[in-house]
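Visitor: sequence isn't available, so here's the structure alone:
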């Protein structure tokens, strides 16, 4: 069941504990298809470029990679991610706290893959780092979302790519169901567009100032929690 509540304090440790045994809320016997109700999105945001060749130490690619790892690209006014800092990225459970008006949606996801590779695409060599998560039981949606930082080695172009396949889950609450049917797709688009813009702003600011205190509020340090009793 989708967890919806009024804005207020959340027992973060308790909610994260629930995710340990939560299951991915969909199964795929074959690649997802539009005929089965899946929607597909792909976005690409160009970031500041750097010198051609392997990623430059302290350059835009490395900065963007750190921001993606820490989920800093997400606009905290829309969604925040909470996780245990001791958990490795490859198996991380994350509690996404989505906001809409006076409501908070608690949405569980689990990292499904981490990518760190060099590939060929349209005759160009790409260095790619990123990760994907899949939705867990209780999520408003079912599907997988991927965030990747890409560098074109021949030119030095750096990109932030977001892609996903998604479909709506069965929502029993009639009010939430009606609200999601009306505003769900809009919020999906707003979330990604704000994420792209925020990533570009964070990378540009750090490149100009040369340090991480870029005047754009970060959220990772203050939303991470420790194991109960730690």
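Guide: Okay, I see it. Keep in mind it's a predicted model, so treat the numbers as computed, not measured.

Visitor: for stretch 144-156, what is the distance to the chain centroid?
Guide: How far stretch 144-156 lies from its chain's middle: 15 Å, per CA atoms, centre = their mean, to the nearest Å.

Visitor: model confidence over it, on average?
Guide: Average pLDDT, stretch 144-156: 97.

Visitor: and what of stretch 31-43?
Guide: Stretch 31-43 comes out with an average pLDDT of 88.

Visitor: ok, stretch 74-83 next?
Guide: Mean predicted confidence for stretch 74-83 is 86.

Visitor: also stretch 86-95?
Guide: Stretch 86-95 comes out at a mean pLDDT of 89.

Visitor: who's in contact with it?
Guide: If you take CB atoms under 8 Å, 6 or more residues apart in numbering as the criterion, stretch 86-95 is touched by 12, 15-16, 19-20, 22, 69, 71, 81-84, 106-111, 114, 131, 133, 136, 226-227. (C-beta placed from N, C-alpha, C; glycine too.)

Visitor: got phi/psi on residue 160?
Guide: Backbone torsions of residue 160, given as degrees, to the nearest 10, read phi -120, psi 120.

Visitor: who's it bridged to?
Guide: Beta-bridge partners recorded for residue 160 (DSSP bridges): residue 45, residue 149.

Visitor: distance of it from residue 141?
Guide: Here the criterion is CB to CB, to the nearest Å. By it, residue 160 lies 22 Å from residue 141.

Visitor: these two - which one has more neighbours?
Guide: Remark: of residue 160 and residue 141, residue 160 carries more neighbours, 26 against 21, as counted by other CB atoms under 10 Å.

Visitor: was I right about the more buried one contacting residue 44?
Guide: Yes. Assessed by CB atoms under 8 Å, residue 160 is found in contact with residue 44 at 7.3 Å.
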